[in-house]
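Chemist: Structure, please.
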Amino acid sequence: MNLFKKLFYTKKEESNVGYLASSANTENLTLDDIFVHNFIKKGGRFLYCTQIEEINQNLVHIFNENDWNEALCFDERLYSFLTVIDKNICKDALSNQPFLTTCEHLISDNGSVMFSSNQVHHHKICNLPDNFVVIARTSQLVKTTSEGLMGIRKNYKKNFPTNISSIKNYMPNRVNDDFLSYGNSNARSLYLLLLEDL
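Modeler: Model (predicted):
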């Protein structure tokens, strides 16, 4: 993956967590670069990880930066991350703590993150916490929403998930001039920890 070799640079926010900012020209970028460009353009916070230990380190920074002591988590496979960083697991969807989750796909052409009932269960995204912390893999990148839906069909031939939705806006409090996005109740502040697996 060449995220740091093309048109991106590391930007330091108020904390020590590094985020990427990108150039406006996406013509010659790869699928992963286009996703990151669109994701950050919409206010997403991105951290690239090459190994599990980096995920743990970044989670510590994120949780300390936001003064979070626990996380809503439905996926038992993610409990170990919370144990390692010494944070409590919450299962109450009304929690003000962040939602730690995986996703189905990362959609390159619009920078959105696709979820299903495998992650959000029966909950609507608008009824989940305002802050999402998503752990994903580079193999989950697809070009379009249609490819994401085809990928779900391929991955779940027997137990096809329901409640398929996505987050496309990562600045819930921002005034959006785009009338097509007006009242987007799925807008969420979102950290994406992307693990290289290709």
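
Chemist: Skip the chain neighbours and tell me the closest residue to His105.
Modeler: Nearest non-adjacent residue to His105, counting by C-beta to C-beta, 6 or more residues apart in numbering: Gly148, 3.8 Å away. Yep, even glycine has a C-beta here, placed from its N, CA and C like the rest.

Chemist: Same check on Lys168?
Modeler: Leaving out its chain neighbours, the residue that sits closest to Lys168 by C-beta to C-beta, 6+ apart is Ser112, at 4.3 Å.

Chemist: Next up, phi/psi of that neighbour, please.
Modeler: Per-residue torsions, Ser112: phi -90, psi 160 (degrees, to the nearest 10).

Chemist: helices or strands up against whatever helix or strand the residue nearest to His105 lives in?
Modeler: Per DSSP states H and E: Gly148 is located in helix 145-155. Applying 3 or more C-beta pairs under 8 Å, 6 or more residues apart in numbering; DSSP states H and E, we find helix 145-155 packed against strand 105-107, strand 112-115.

Chemist: need the contact list for the residue nearest to His105.
Modeler: By C-beta atoms under 8 Å, 6 or more residues apart in numbering, Gly148 lies in contact with Glu104, His105, Ile107, Met114, Val142.

Chemist: Need the pLDDT of it.
Modeler: Looking at Gly148, its pLDDT stands at 96.

Chemist: Which positions within the longest helix along the chain qualify as buried?
Modeler: In the chain, assigned by DSSP state H, the helix with the most residues is helix 52-66. For helix 52-66, burial by neighbour count (16 or more other C-beta atoms under 10 Å) applies to Ile55, Gln57, Asn58, Leu59, His61, Ile62, Phe63.
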